[in-house]
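K.L.:
okay, sequence plus prediction incoming.
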Amino acid sequence: MAYWNLKGRELVNCNCDFGCNCQFGGLPDKGHCQAVFGMAIDVGRHGDTDLSGLNIAAVFRWPGPIHEGHGECAAFVDERASAQQRNALLTIMTGGDTDPFATVFAVFASTIETMHEPRFQPIAFDVDVEARRGRLRIADHVEMRGEPIRSPVDGKEIRAQIRLPEGFEYEVAEVGSGTSRSFAPMKLDHAQSYGQFANIHLDSHGVVRS
């Protein structure tokens, strides 16, 4: 198993209400789950292959709770990646070279029934975790926007965090509001739903604890 390590920033938007029951072992509040994920890899490596500075993204859909499986996924890899980098990133994203169920990639991969052919595209992605703002755009495929939750009373920004000391994705996530649309190869559309902003540090064995 080749050792890998990724450190970067993510923005995720699913169709659950703010908070997302799934973060705490609950069930999706709409009965099904659909989500868009984007990550900027600030520093990364898979074996001897440097992955720093690349972006990845994915679109997911499950007909029920994630753990019940039958999921569908479309993965996107930065077109700037070399053939070796593409192979490394797809290996990580599909749970390869990883301890069983140690990372969000490995957990999700175990629930996917339909995996579309990967797309190698320009991925415009920017996220500020602390400010709870971000944007993802892959032309003709997917768009996502994240922003702070605002009080329905006075419009002021609301800041909330989720802390998972034993999680498989992050240690602390900032909670915000997200809006996403996906056009191809999967279609989805949801607005002003759960947005997740997090600094991510993962390796072959799981979350690298600070």
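P.N.:
Structure received. Numbers count the residues shown, from 1 in each chain.

K.L.:
mind listing the residues bridging to the residue nearest the centre of the chain?
P.N.:
When C-alpha atoms, centre = their mean is applied to the chain, the residue found nearest the centroid is Phe37 (3.2 Å). Beta-bridge partners of Phe37, counted by DSSP bridges, are Val12, Ala58.

K.L.:
how much space is there between it and Ala74?
P.N.:
Counting by C-beta to C-beta, to the nearest Å, the gap between Phe37 and Ala74 amounts to 11 Å. Backbone N, C-alpha and C define where each C-beta goes, glycine included.

K.L.:
what touches both of those two?
P.N.:
Common contact partners of Phe37 and Ala74 (C-beta atoms under 8 Å, 6 or more residues apart in numbering): 58-59.

K.L.:
longest helix anywhere in this protein?
P.N.:
Assignment by DSSP state H gives helix 83-93 as the longest helix of the chain.

K.L.:
was I right about the residue nearest to the centre of the chain contacting Phe60?
P.N.:
Yes. Between Phe37 and Phe60 a contact is recorded at 7.1 Å, counting by C-beta atoms under 8 Å.

K.L.:
hang on, the earlier thing: check the offset of the longest helix of the chain from the chain's centre.
P.N.:
16 Å (C-alpha atoms, centre = their mean, to the nearest Å).

K.L.:
what's the average pLDDT for that helix?
P.N.:
Helix 83-93 shows a mean pLDDT of 99.

K.L.:
give the next helix or strand downstream of that helix.
P.N.:
helix 104-109 (DSSP states H and E).

K.L.:
mind giving me the packing neighbours of that following helix?
P.N.:
helix 83-93 (3 or more C-beta pairs under 8 Å, 6 or more residues apart in numbering; DSSP states H and E).

K.L.:
list of residues touching the helix it packs on?
P.N.:
2, 4, 6, 46-47, 49-51, 54, 56, 58, 75, 77-78, 81, 97-98, 105, 109, 118, 120.

K.L.:
okay, buried residues for it please.
P.N.:
By 16 or more other C-beta atoms under 10 Å, the buried positions in helix 83-93 come out as 85-86, 88-93.

K.L.:
likewise stretch 20-40?
P.N.:
In stretch 20-40, counting by 16+ other C-beta under 10 Å, buried: 20, 22-23, 28, 33-40.

K.L.:
now swap in stretch 95-109 and tell me
P.N.:
95-98, 102-109.

K.L.:
now those residues in CSV, with distance to Leu11?
P.N.:
Compiled in CSV, these are given as follows (distance: C-beta to C-beta, whole Å):
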residue, distance to Leu11
Gly95, 21
Gly96, 24
Asp97, 25
Thr98, 22
Ala102, 22
Thr103, 17
Val104, 14
Phe105, 16
Ala106, 20
Val107, 19
Phe108, 16
Ala109, 20
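
K.L.:
I'd say Arg133 and Met144 touch.
P.N.:
No. If you go by C-beta under 8 Å, Arg133 and Met144 don't touch, sitting 11.9 Å apart.

K.L.:
determine which two of the buried residues of stretch 20-40 are furthest apart.
P.N.:
Spatial extent of the buried residues of stretch 20-40 (C-beta to C-beta) is set by the pair Pro28 and Ala40 at 26.5 Å.
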